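Peer 1: mind looking at a prediction? Sequence and model below.
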Amino acid sequence: MAALLKSPAWRSLKAPDFFKNPFRLVYVMVALAVLVAGFLGAATPILVELMSGNVSKLLALPAAMLFALLVIYDRKLTLLLIVVLRAGGDNALELTRFSLGGYMVGIGGVINAIVILLALLLVFERPKVVPGRAYMAWLPFLAITAAGVLHSPFTGEAVRLFLQQLSYFAMFVGGYQCVRDEADFRKMLRLALWSSAIPVLYAFVDIALHFGGGFRLQSTFAHPNVLAFYLTVMIVVAFYLLKTMAPTAGDGARMSLGAYLLLLLLMLLLTKTRSAWLATAISFALYAVVFERRYLIYMVVLGVAALFVPGVGDRLGDLGQGNEVATYATLNSFAWRVYLWECALGWMSTLSYIWGMGLQTFSEYSPIFFPLAGKTKFGAHSVFVQLIFELGIIGLVAFLWQSVSVIRQLTALARADKLAAFSLILIVLSFLLCSFSDNMFYYLSYNWYLWFVVGAGCALGRILWARQAKPVAQKLY
């Protein structure tokens, strides 16, 4: 036996690689897949009982398994598939939701978790792609939000909102990881724009089925506001791609993209979301002032034409009445918001202005401090008021730091592509503007596309800055 063990034939046999390197990513992923498969197999009978025979909910399990397999096969491809398809998925994902322990869960939550996992895996594979300052832009706000979870008496809902914020950061990181040069950047923008194909097509169905008095277009989204803010991003992306088309592009391609841009603008009007209208108008006005003054004339013409769209004039006229709080008075939407904010901030203690009341406490406490609430739990309808109420002044400062830091990163892009930097900065500023009067933190699809394209822009800015700095460093030596 000893002679056999010492023989050259035996020595030539090598131990399998997974014994030598058991923690390689591929082996870890396979092990996780086996564990998840075992867990899902054991949980299937329980799941079937919870679903009560509902086919759409039963599809959630195989869909989750399919996404898990895609993650193992190709992380970047999985992320890009989510980018293309997520905008058309709100209504479909809503059908997969079911109650588990008093909380509504579904395939949408699984996709959120996958996005966070994908970001972690992509960073693990290429740790040097995302610079430290990109992390530092987000870290203070995420840390304070996590502290707000611990401080909140409503832990379940607070954890859900924190995970949403974490998924927004994951999409920002995903945008960074997908860009290596100018061509990749344009591909990511085109991919984001392609995500609007399903919402645009379904918009015609929505109009055909529901158009009438008080109609607000929402297409595939859960609420017209979500569609409106999503469109503010897509309109800027489409306009940038139109203005930077290659000289070799044909007239047909330019006209098609121009017509698509006008269609997106018409859809935005039909959402009847005034803050999104204002953000888009300001964006085009700033573009006109900085780049092409003739666009001011186009804006006037389109603005007059917009008044002939049913419901647009009525939405603007609503702000002129119902501005006083009185018994039996009907407040317009903005006056109602102001009264809500006054009640919320007046109800807080002095110490709460520093640390806040805890994440997700605004809506839970609104029936207590807001006389018009009744039994309804109202959101803050303002990111800034919500931050002061839930995370205090330190939370608001961390949020503003995040935005300012990201804008500073985008300025590096202006050296090589002024219009790209300008466009992405406008997207961030539009987000801040709309945050003044809307619940922007809860609009998941909108935030995902916003931070994905902004992350892609920050990545390109860093790449171009490094490319320009290298020849300078070589000259010094």
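Peer 2: Sure, I can see it.

Peer 1: from Ala414, how far off is Leu464?
Peer 2: Relative to Ala414, Leu464 is positioned 10 Å away (CB to CB, to the nearest Å). All C-beta spots, glycine's among them, are computed from the backbone N, C-alpha and C.

Peer 1: which intervals of this structure have sub-threshold pLDDT?
Peer 2: Within the chain, the stretches with pLDDT under 70 are 1-27, 29, 33, 36-69, 71, 95-106, 311, 313-314, 316-330, 469-477.

Peer 1: domain parsing for it?
Peer 2: Residue ranges for each domain of the chain read 20-127, 129-477, as given by automatic domain parsing.

Peer 1: in TSV, list those domains along with mean neighbour count.
Peer 2: Shown next, in TSV, are the domains of the chain (neighbours: other CB atoms under 10 Å):
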stretch	mean neighbour count
domain 20-127	15
domain 129-477	18
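
Peer 1: so where's the longest helix in this protein?
Peer 2: helix 444-476 (DSSP state H).

Peer 1: what's that helix packed up against?
Peer 2: Counting contacts by 3 or more CB pairs under 8 Å, 6 or more residues apart in numbering; DSSP states H and E, helix 444-476 is packed against helix 75-85, helix 155-177, helix 182-194, helix 224-243, helix 383-411, helix 418-435.

Peer 1: that helix to helix 418-435, inter-axis angle?
Peer 2: Here the directions of helix 444-476 and helix 418-435 differ by 140 degrees (axes from the mean of the first three to the mean of the last three CA atoms, to 10 degrees).

Peer 1: tell me the angle helix 444-476 makes with helix 155-177.
Peer 2: Orientation note: helix 444-476 sits at an angle of 40 degrees relative to helix 155-177 (the same axes, to 10 degrees).

Peer 1: now helix 444-476 against helix 182-194, angle please.
Peer 2: Using the same axes, to 10 degrees: helix 444-476 against helix 182-194 is 170 degrees.

Peer 1: quick check: Ile427 touching Val236?
Peer 2: Yes: contact criterion CB atoms under 8 Å: Ile427 and Val236 qualify, at 5.5 Å.

Peer 1: the helices and strands packed on helix 444-476: which one's closest to Leu217?
Peer 2: Counting by CB to CB, Leu217 lies closest to helix 224-243 out of those; the figure is 6.1 Å.

Peer 1: distance from that closest one to the middle of the chain?
Peer 2: How far helix 224-243 lies from its chain's middle: 13 Å, per CA atoms, centre = their mean, to the nearest Å.

Peer 1: mind giving me the packing neighbours of that helix?
Peer 2: Against helix 224-243 (3+ CB pairs under 8 Å, 6+ apart) you get helix 182-194, helix 251-271, helix 274-290, helix 418-435, helix 444-476.

Peer 1: for the shortest one, packing partners?
Peer 2: I take that to be helix 182-194. Contact here means 3+ CB pairs under 8 Å, 6+ apart; on that basis helix 182-194 packs against helix 75-85, helix 224-243, helix 444-476.

Peer 1: same list, the ones you listed, but as JSON lines with distance to Tyr260 please.
Peer 2: Below are those laid out as JSON lines (distance: least, CB to CB, whole Å):
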{"stretch": "helix 75-85", "distance to Tyr260": "16"}
{"stretch": "helix 224-243", "distance to Tyr260": "6"}
{"stretch": "helix 444-476", "distance to Tyr260": "16"}
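
Peer 1: which one of these lies closest to Asn112?
Peer 2: helix 444-476 (7.5 Å).

Peer 1: what angle do the closest one and helix 383-411 make?
Peer 2: Interaxial angle of helix 444-476 relative to helix 383-411 (the same axes, to 10 degrees): 30 degrees.

Peer 1: off-centre distance for helix 444-476?
Peer 2: Mean-position distance between helix 444-476 and its chain equals 19 Å (CA atoms, centre = their mean).

Peer 1: now it against helix 224-243, angle please.
Peer 2: Going by the same axes, to 10 degrees, helix 444-476 makes 30 degrees with helix 224-243.

Peer 1: angle of helix 444-476 against helix 274-290?
Peer 2: Helix 444-476 runs at 30 degrees relative to helix 274-290, counting by the same axes, to 10 degrees.

Peer 1: just put the helices and strands packed on helix 444-476 in a markdown table and tack on distance to Tyr449.
Peer 2: Compiled in a markdown table, these are given as follows (distance: least, CB to CB, whole Å):
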| stretch | distance to Tyr449 |
| --- | --- |
| helix 75-85 | 8 |
| helix 155-177 | 8 |
| helix 182-194 | 6 |
| helix 224-243 | 5 |
| helix 383-411 | 15 |
| helix 418-435 | 9 |
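
Peer 1: closest to Phe284 out of those?
Peer 2: Among those, the nearest to Phe284 by CB to CB is helix 224-243 (8.2 Å).

Peer 1: for the closest one, list the C-alpha coordinates in CSV.
Peer 2: Extracted as CSV, the C-alpha positions of helix 224-243 are listed here (Å, rounded to 0.1, in the frame of the first residue of the first chain):
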residue,chain,number,x,y,z
PRO,A,224,-50.0,58.7,-12.0
ASN,A,225,-47.3,60.5,-10.0
VAL,A,226,-44.9,57.5,-10.3
LEU,A,227,-45.3,57.6,-14.1
ALA,A,228,-44.9,61.4,-14.2
PHE,A,229,-41.6,61.4,-12.3
TYR,A,230,-40.3,58.4,-14.3
LEU,A,231,-41.1,60.4,-17.4
THR,A,232,-39.1,63.4,-16.2
VAL,A,233,-36.0,61.1,-16.3
MET,A,234,-36.9,59.5,-19.7
ILE,A,235,-37.6,62.9,-21.3
VAL,A,236,-34.2,64.2,-20.3
VAL,A,237,-32.5,61.0,-21.5
ALA,A,238,-34.4,61.0,-24.8
PHE,A,239,-33.5,64.6,-25.4
TYR,A,240,-29.8,64.0,-24.7
LEU,A,241,-29.7,61.1,-27.1
LEU,A,242,-31.5,63.1,-29.7
LYS,A,243,-29.1,66.1,-29.4
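
Peer 1: ok and that helix relative to helix 251-271, angle-wise?
Peer 2: Orientation of helix 224-243 against helix 251-271 (the same axes, to 10 degrees) gives an angle of 160 degrees.
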